[in-house]
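1. Need the 3D shape of this:
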Amino acid sequence: MDKWKRIEEELQTLRRQHLYRETKVIESAQRSHVRYQGRDMLMLASNSYLDFCDEGRVKEAAAQALAEYGTGSGGSRLTTGTTILHTQLEETLARFKGREAAVVFSTGFAANGGILPALCRAGDVIYSDELNHASIIDGCRQSRAETVVYRHNDMADLERKIRERPGRQGLIVSDGVFSMDGDMVDLPGLVELADAYGLLSMIDEAHATGVVGATGRGCEEHFHMEGRTDILMGTLSKAIGAEGGYACGSRILAQYLKNRARSYIFSTSLSPVTMAAAKRALELIEEEPWRVGRLQENIRWFCGQLRERGIETDSETAIIPIRIGAEEKALKVSGMLMERGFFIPAIRYPTVKKGEAMLRAALMATHTKEELSSAAAAIAETVAAAGLEG
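-> Reported below is the predicted structural model:
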């Protein structure tokens, strides 16, 4: 019996359906221009929205930490894996988000996989937006709570489902900025329902921190609702340009997660080098808010350039979806753009629904208007050409 036959057949099916994936190996630092297959490419897909992965002062902080603390932490957070740099970063995060405390996890995925099962148990209910990130979906599954999925950003549907479960304890969780469509949570509606029905409110600000709000502090700042959400979860790997995830909230929340979140208790702690880089990047967002302003200006400019060329799209965030439809056509458009020097991969099932493949443009504060205009023209021309070619 061939033990691998089923696996090989599944891989062949993925290839036939244009859903097979391969890694793209970048040969330079992550920045607005990267080297790929020996060529200079305009990067239009990176989550490093403020271009901090290669920022000199962030690298200097990392280098100093490397010289003093070495490469690894040597253990989990509750054994040997907490250095003074870990606690300093948590203090900086809490201040930046206007909260009493913060807890750093090894990744954003691990944060959601730790927070949700820690806070919710059998008999509880988690209300989850249908377009939430996979890490939230898996965190819900790992808890023993009932998971109720409500229609995307539909507060009427959410309230109806809450009323169908009167008196149940639980939590409402949503992406702050949705990672594929780039739209924002209806935070006023979500928090109002959570408070009215005695539920915890939680938003994942992975793609909001450093991007939305006047100074990049996220969805609460955007909606002028500072301090209203019970749990702010986020990542250090996007606008902050480092690695890791975090939860910000009350002191009691932090204490509880440190004692109950399995992904915190049983994961090796992140390197002190990463902590130093993330802390310096957060400080730069505070010291140089013009970075956030420039990113937001780039978003408005690029969306306008696309619309002028017949690509209907709009976004208030650094994620700009360009909807294609068929998986094969999305791959074709992406490949043609890569040939022209624009790094923008196709997004396909299961990241989005079948038949709803897209290009997911992601902007940086350091992109120039000329680069974005050139990219918009290339996208419009390529989409049109791919349509004519069938």
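
2. the helices in the stretch 201-350 of the chain, which residues?
-> Using DSSP state H, counting those that start in this stretch, the helices of the stretch 201-350 of the chain run over 219-222, 251-260, 262-265, 272-287, 290-308, 327-339.

3. Show me what counts as buried in the longest one.
-> So that's helix 290-308. R291, V292, R294, L295, Q296, N298, I299, W301, F302, C303, Q305, L306 (16 or more other CB atoms under 10 Å). (Glycine included, C-beta is placed from N, CA and C.)

4. Which strands or helices does that helix pack on?
-> Where contact means 3 or more CB pairs under 8 Å, 6 or more residues apart in numbering; DSSP states H and E, helix 290-308 is packed against helix 272-287, strand 319-325, helix 369-389.

5. which of those sits most buried?
-> Highest mean neighbour count among the helices and strands packed on helix 290-308 (mean count of other CB atoms under 10 Å): helix 272-287, with a mean of 23.

6. For H207, grab phi and psi.
-> Phi and psi for H207, reported as degrees, to the nearest 10, are phi -100, psi 10.

7. Might one say that it is in contact with K238?
-> Yes: contact criterion CB atoms under 8 Å: H207 and K238 qualify, at 6.1 Å.

8. distance of R163 from G213?
-> R163 is 32 Å from G213, where distance means CB to CB, to the nearest Å.

9. Which of those two has more residues huddled nearby?
-> Per other CB atoms under 10 Å, whichever of R163 and G213 has more neighbours is G213, with 21 against 9.

10. Who are the contact partners of that one?
-> Applying CB atoms under 8 Å, 6 or more residues apart in numbering, we find G213 in contact with C219, E220, E221, H222, V292.

11. From G98, how far off is it?
-> 11 Å.

12. Likewise for P188?
-> P188 sits 17 Å away from G98, going by CB to CB.

13. Could you list the low-confidence segments of this structure?
-> The chain contains residues with pLDDT under 70 at 388-390.

14. What about the residue nearest to A111 when sequence neighbours are not counted, how many residues nearby?
-> Leaving aside its sequence neighbours, A111 sits nearest to G245 (CB to CB, 6 or more residues apart in numbering; 3.2 Å). Neighbours of G245 under the rule other CB under 10 Å: 28.

15. T268 against L78, yeah?
-> No: taking contacts as CB under 8 Å, T268 lies outside contact range of L78: 11.3 Å.

16. and the spatially closest residue to Y150 that is not a sequence neighbour, what element?
-> Among residues not flanking Y150 along the chain, L158 sits closest, at 4.3 Å (CB to CB, 6+ apart). L158 belongs to helix 155-163 when assigned by DSSP states H and E.

17. can you list contacts of the helix or strand just after that helix?
-> Once the chain leaves helix 155-163, the next helix or strand it forms, by DSSP H and E, is strand 170-175. With contacts defined as CB under 8 Å, 6+ apart, strand 170-175 is touched by 116, 119-120, 124-129, 131-133, 136, 140, 145, 153, 158, 185, 190, 193-194, 199-204, 206-207, 231.

18. List the ones among those that fall in strands.
-> The strands, defined by DSSP state E, take in V125, I126, Y127, S128, D129, L200, S201, M202, I203, D204, I231 from these.

19. out of the residues you listed, which is most surrounded?
-> For these, neighbours tallied by other CB under 10 Å; top is D204, 31 neighbours.

20. how many other residues sit next to the nearest residue to G244 once chain neighbours are set aside?
-> Once flanking residues are discounted, G244 sits nearest to L236: 4.1 Å by CB to CB, 6+ apart. For L236, the count of nearby residues is 29 (other CB under 10 Å).

21. now do R165
-> By other CB under 10 Å, neighbour count at R165 equals 14.

22. Go ahead and confirm it touches V148.
-> Yes: the criterion here is CB under 8 Å, and R165 meets it with V148 at 7.4 Å.

23. Spit out the residues that contact these two alike.
-> Residues touching both R165 and V148 (CB under 8 Å, 6+ apart): V125.

24. What strand or helix carries L93?
-> Assigned by DSSP H and E, L93 belongs to helix 84-97.

25. got a list of what T229 touches?
-> With CB under 8 Å, 6+ apart, T229 has these contacts: L187, V191, S201, M202, I203, C219, E220.

26. at 10 Å what do you get?
-> Going by CB atoms under 10 Å, 6 or more residues apart in numbering, T229 touches 97, 99, 172, 174, 176, 185, 187, 190-191, 194, 200-203, 205, 218-220, 223, 248-249.

27. Show me how to select, in PyMOL, the buried members of those.
-> Selection of the buried residues among these in PyMOL, burial being defined by 16+ other CB under 10 Å:
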select buried, resi 97+99+172+174+176+185+187+190+191+194+200+201+202+203+205+218+219+220+223+248+249
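
28. Skipping its backbone neighbours, what lies nearest A254 in space?
-> Excluding its sequence neighbours, the residue lying closest to A254 (CB to CB, 6+ apart) is A101, at 3.6 Å.

29. Spell out which residues sit in contact with the one you found, please.
-> Neighbours of A101 in contact, by CB under 10 Å, 6+ apart: 90-91, 93-94, 247-255, 257-258.

30. Out of the residues you listed, who's the most crowded?
-> For the contacts of A101, neighbours tallied by other CB under 10 Å; top is A247, 29 neighbours.

31. Tell me which other helices or strands the helix holding L158 touches.
-> Packing contacts for helix 155-163, counted by 3 or more CB pairs under 10 Å, 6 or more residues apart in numbering; DSSP states H and E, involve strand 125-129, strand 146-150, strand 170-175, helix 187-196.

32. what's the closest of the ones you listed to I320?
-> strand 170-175 (16.1 Å; CB to CB).

33. Could you check the angle that closest one makes with strand 146-150?
-> When axes from the mean of the first three to the mean of the last three CA atoms, to 10 degrees is applied, the directions of strand 170-175 and strand 146-150 differ by 50 degrees.

34. Note down every partner strand of strand 170-175 and its orientation.
-> Sheet pairing of strand 170-175 (DSSP bridges) gives strand 125-129 (parallel), strand 200-204 (parallel).
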